[in-house]
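[1] sequence first, then the predicted structure:
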Protein chains: 2
Amino acid sequence: MSETKDTPVIKTAAMVVIGDEILSGRTQDKNIAYVATAIGEIGIQMREVRIIPDIEQEIVDAVNYCREKYDYVFTSGGIGPTHDDITADSIAAAFGVGIGYHPEAYEILTQHYEQAGIEFNEARKRMARVPEGGELIDNPVSKAPGFRMENVFTMAGVPAVMQAMMVSILPQLEGGAKMQNVSIQVSLPEGIVAKDLGELQKKYPDVSMGSYPYFRAGVVGTVLVLRSVIGDDLDAARDELITVLDAQEAEYNIQ
Amino acid sequence: MSETKDTPVIKTAAMVVIGDEILSGRTQDKNIAYVATAIGEIGIQMREVRIIPDIEQEIVDAVNYCREKYDYVFTSGGIGPTHDDITADSIAAAFGVGIGYHPEAYEILTQHYEQAGIEFNEARKRMARVPEGGELIDNPVSKAPGFRMENVFTMAGVPAVMQAMMVSILPQLEGGAKMQNVSIQVSLPEGIVAKDLGELQKKYPDVSMGSYPYFRAGVVGTVLVLRSVIGDDLDAARDELITVLDAQEAEYNIQ
């Protein structure tokens, strides 16, 4: 039996955040880190995020670019009942398909508003519109569903709703090799750590090494983050880094 | 003297956030809203944000796309002393120019480290590297400067440093018509507000109307945001909207 090392399967994703309110600075985005973390845990790497305005052509371009380039695309925002909610139409345009009421979505919303004693008016019916071929994404929070078109998942922008939708779709996503990571905080400035980290990076090309300086209450330090889909390499790189850092700290504190 | 209505001058910008740590979800971005707000106050509209990894070709593509399309481009991240800080080289590649030590940057850092009694080592000297033709951006926090190449401003990723750099460059930016905004919070669900808001949007095409539903402690409501560079239109739209909302609230509360 010959021993072969499996090549890790890398799965990638992009996120398209649709919303003038994020671009204007009025609203602080809370969805990007949530989605990145959720998919990271099942072995899908977020590779790009685009935040774009509520303009159809911008949405079409971003979604079409990302769905070709990455395994998965997640969109957030613009699927409510008002005139500025143009995401569903834009996704239909991106795929070159029509759009209409999705029977199941229509039924879900009919029941929801009936039970709540609220009129299921024309505006609310907009939320039942899904591009042809779209599959619904369950929304346990406020009922109006998101939808999936091939590798594109269209979700709400309100964080509580988007997070619930994300939980709904996780089982549909095929994860790849999990990115494992180690972070080490040292009371050393980045400029001290830099040289040896660069050397170590050359030695371990499969381990991505990042260094993030911080200044807190006048104290300088650096957080080093090692990431890899290959656990053995990560462990070896971490052990070497710790040895190097110990030596640097000893030397630095003598000076 | 004939009276003419000036066409408002619209100035636009994009931001390119360079950083694996944001994409992985490990770090919550704090710079986007800051930059969007700061430029918004002087009449520059943020139109797009891209968050991309520390990969040269990705940086080159994003910067070259954005600097053609928008009046200004702001980048954050990747200008420190370590091997993963590749932004300066990538900007040089984007502009097709060489890169080397900038005499003034080199001098600033030499003095800074001399005063601090810290070695100005090879890694730290990386922070004096600027693409040919670049003008320095002052960094009062940690000295290592950012730089400007034509309409592209390259800044640090650490929020305290990036914010200080942003303050440094604001006087260099030429603002256009200021986007004015009004937000109105109502205890009405978005589905009630939607129809009349859509009608109002058609009547005032120069006023961008957004509606943002919220659910807080079980209470449903909507924040309506009107934005325009034309103050008179904004005022008129706001007045009409308030009349409509008052009627809707009265009707809704009777039901």
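    Looks like it came in fine.

[2] and the residue positioned nearest the centre of chain A, what element?
    Centroid-nearest residue in chain A: A:A36, 3.3 Å away (criterion: CA atoms, centre = their mean). A:A36 belongs to helix A:31-40 when assigned by DSSP states H and E.

[3] cool, A:E48 as well?
    strand A:44-52.

[4] immediately after that strand, which helix or strand?
    Following strand A:44-52 toward the C-terminus (DSSP H and E): helix A:56-69.

[5] what is that next one packed up against?
    strand A:11-18, strand A:44-52, strand A:72-76, helix A:87-95 (3 or more CB pairs under 8 Å, 6 or more residues apart in numbering or on different chains; DSSP states H and E). From N, CA and C alone the C-beta is placed, and that goes for glycine too.

[6] do the helix or strand that the last one is followed by and chain B meet at all?
    Okay, so that is helix A:87-95. Next in sequence after helix A:87-95, counting helices and strands by DSSP H and E, comes strand A:99-101. No - using CB under 8 Å from any CB of the partner chain, strand A:99-101 stays clear of chain B, with a minimum separation of 15.6 Å.

[7] sheet partners, orientation included, of strand A:99-101?
    strand A:129-131 (antiparallel) (DSSP bridges).

[8] can you list contacts of the partner strand?
    A:88-89, A:91-92, A:95, A:97-102, A:105, A:136, A:145, A:147, A:149 (CB atoms under 8 Å, 6 or more residues apart in numbering or on different chains).

[9] quick one: buried ones out of those residues?
    Buried subset of the contacts of strand A:129-131 (neighbour count, 16 or more other CB atoms under 10 Å in any protein chain shown): A:A88, A:D89, A:I91, A:A92, A:F95, A:I99, A:H102, A:A105, A:L136, A:P145, A:F147, A:M149.

[10] possible to save the residues you listed as JSON lines with pLDDT and distance to A:G43?
    Shown next, in JSON lines, are the buried ones among the contacts of strand A:129-131 (pLDDT from 0 to 100; distance: CB to CB, whole Å):
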{"residue": "A:A88", "pLDDT": "98", "distance to A:G43": "29"}
{"residue": "A:D89", "pLDDT": "97", "distance to A:G43": "33"}
{"residue": "A:I91", "pLDDT": "98", "distance to A:G43": "26"}
{"residue": "A:A92", "pLDDT": "98", "distance to A:G43": "30"}
{"residue": "A:F95", "pLDDT": "98", "distance to A:G43": "27"}
{"residue": "A:I99", "pLDDT": "98", "distance to A:G43": "33"}
{"residue": "A:H102", "pLDDT": "98", "distance to A:G43": "31"}
{"residue": "A:A105", "pLDDT": "97", "distance to A:G43": "30"}
{"residue": "A:L136", "pLDDT": "98", "distance to A:G43": "25"}
{"residue": "A:P145", "pLDDT": "97", "distance to A:G43": "26"}
{"residue": "A:F147", "pLDDT": "98", "distance to A:G43": "24"}
{"residue": "A:M149", "pLDDT": "98", "distance to A:G43": "23"}
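
[11] between the residues you listed, which is nearest A:Y214?
    Nearest to A:Y214 among those is A:I91, at 39.8 Å by CB to CB.

[12] what's the burial count for the nearest residue to A:A93 once chain neighbours are set aside?
    Distance criterion CB to CB, 6 or more residues apart in numbering or on different chains; nearest residue to A:A93, sequence neighbours excluded, is A:V60 at 5.2 Å. Using other CB atoms under 10 Å in any protein chain shown, A:V60 has 18 other residues around it.

[13] pLDDT value on A:V60, please?
    A:V60 carries a pLDDT score of 98 in this model.

[14] test my guess that it contacts A:A94.
    Yes - in terms of CB atoms under 8 Å, A:V60 counts as a neighbour of A:A94; the distance is 4.5 Å.

[15] now for those two: what residues contact both?
    With contacts taken as CB under 8 Å, 6+ apart, A:V60 and A:A94 have no neighbour in common.

[16] quick one, what contacts A:Q180?
    A:R227, A:S228, A:V229, A:G231, A:L234.

[17] next to chain B, which bits of the stretch 101-250 of chain A? Give me the list.
    Counting by CB under 8 Å from any CB, the stretch 101-250 of chain A sits next to chain B at A:118, A:121-124, A:126, A:141-142, A:158, A:160, A:179, A:181, A:183, A:189-195, A:197-198, A:201, A:208-215, A:225, A:227.

[18] how about a cut-off of 6 Å?
    Residues of the stretch 101-250 of chain A lying close to chain B (CB under 6 Å from any CB of the partner chain) are A:A123, A:R124, A:E190, A:G191, A:A194, A:K195, A:L197, A:G198, A:Q201, A:G210, A:S211.

[19] all strands in the stretch 151-255 of chain A, in order from the N-terminus.
    A:152-155, A:180-186, A:208-216, A:219-228 (DSSP state E, counting those that start in this stretch).

[20] nearest to A:F74, out of these?
    Of all the strands of the stretch 151-255 of chain A, strand A:152-155 comes closest under CB to CB, at 5.0 Å.

[21] gap between A:Y101 and A:L109?
    Per CB to CB, to the nearest Å, A:Y101 is found 9 Å from A:L109.

[22] and the closest residue to A:P8 other than its chain neighbours, what is it in contact with?
    Closest residue in space to A:P8, ignoring its immediate chain neighbours: A:A177 at 3.4 Å, by CB to CB, 6+ apart. Neighbouring residues of A:A177 by CB atoms under 6 Å, 6 or more residues apart in numbering or on different chains: A:P8, A:V9, A:G43, A:V229.

[23] same check on A:I99?
    A:D89, A:A92, A:R129, A:P131.
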